[in-house]
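A.B. asks: Pasting the sequence and the predicted coordinates here, then a few questions.
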Amino acid sequence: NAGVTQTPKFRVLKTGQSMTLLCAQDMNHEYMYWYRQDPGMGLRLIHYSVGEGTTAKGEVPDGYNVSRLKKQNFLLGLESAAPSQTSVYFCASTLRVEVPEAFFGQGTRLTVV
Amino acid sequence: GQQVMQIPQYQHVQEGEDFTTYCNSSTTLSNIQWYKQRPGGHPVFLIQLVKSGEVKKQKRLTFQFGEAKKNSSLHITATQTTDVGTYFCAAPRVNYQLIWGAGTKLIIKP
């Protein structure tokens, strides 16, 4: 039982390049989330999904897109990376709203130069 | 918008001293969760508090939820090096989201 798996773990991008971060969970969780974590700022929600085929914006959605074509996968895309998107990205999932405990992936450290 | 304020941002302690972090909300919370993030790691769920005035213990960790369900605290007795990390509180808000405190970093002085 792997839990929540994120790929890749590290990436360096040049400004303007695009990339996709993949999050996969094997716990049959309904809700999935993408966060970014910057020093001293805690976790900020980028986008989230409450089920297969649904997505919604969080606090800081600009510059990112997401898709949830399959229940177990939640993809985060950066269409044109900017240095301000240098951060650590975490994916998380929860079973349902009555059981809100969040399980996190290991994180992706992204640097945009 | 709805926010959860967490203080302090950092706490330096000698090993064996106690540590406390506090979270405060301007609105009533349905529940509050606590997470620990080790350096270089990811947040890991510790506990959830639901009831007004609730107190829960996990070994040297004591979690409290205020009577008005607007504040919460985590207290660690006699800190050890394994306690090092950042402690976050998080509370649910509308639309299945969690609001996160900014975290309190526990640093053990050498």
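C.D. replies: Happy to help now that I have it. Since the structure is predicted, the reported quantities are computational estimates derived from the model, not experimental observations.

A.B. asks: For the chain, give me the ranges with low pLDDT.
C.D. replies: All of this is about chain A. Judged by pLDDT under 70, chain A has its weakly predicted residues at A:1, A:97-98.

A.B. asks: my bad, the chain I had in mind was chain B
C.D. replies: Within chain B, the stretches falling below the threshold (pLDDT under 70) are B:1-2.

A.B. asks: all helices for it, in order.
C.D. replies: Counting by DSSP state H, one finds no helices in chain B.

A.B. asks: what sits opposite residue 88 in the beta ladder?
C.D. replies: If you meant another chain, say so; for now it's chain A. Beta-bridge partners of residue A:88, counted by DSSP bridges, are residue A:37, residue A:109.

A.B. asks: That was the other one, I meant chain B.
C.D. replies: The bridge-partner assignment for residue B:88, based on DSSP bridges, gives residue B:35.

A.B. asks: my guess is it contacts residue B:35, does it?
C.D. replies: Yes: shown here, residue B:88 and residue B:35 form a contact pair, counting by CB atoms under 8 Å, at 4.6 Å. (C-beta placed from N, C-alpha, C; glycine too.)

A.B. asks: so what's in contact with those two at the same time?
C.D. replies: Taking CB atoms under 8 Å, 6 or more residues apart in numbering or on different chains as the criterion, residue B:88 and residue B:35 both touch residue B:43.

A.B. asks: quick one: the residue at minimal distance from the centre of chain A and chain B, what's the gap?
C.D. replies: Among the residues of chain A, the one closest to the centroid is residue A:34, at 2.9 Å (CA atoms, centre = their mean). Here residue A:34 is placed at a distance of 12 Å from chain B (CB to the nearest CB, to the nearest Å).

A.B. asks: tell me what the strand or helix carrying that residue is packed against?
C.D. replies: Following DSSP states H and E, one finds residue A:34 within strand A:31-37. Under the contact criterion of 3 or more CB pairs under 8 Å, 6 or more residues apart in numbering or on different chains; DSSP states H and E, the helices and strands touching strand A:31-37 comprise strand A:19-25, strand A:43-49, strand A:73-78, strand A:87-94.

A.B. asks: Run a quick neighbour tally on residue A:113.
C.D. replies: Other residues near residue A:113 come to 10 when the count uses other CB atoms under 10 Å in any protein chain shown.

A.B. asks: Contacts only, for it.
C.D. replies: So residue A:113 contacts A:12-15, A:83 (CB under 8 Å, 6+ apart).

A.B. asks: With residue B:54 instead?
C.D. replies: Going by CB under 8 Å, 6+ apart, residue B:54 touches B:63-65.

A.B. asks: 6 Å - rerun?
C.D. replies: Residues counted as contacts of residue B:54 (CB atoms under 6 Å, 6 or more residues apart in numbering or on different chains) are residue B:65.
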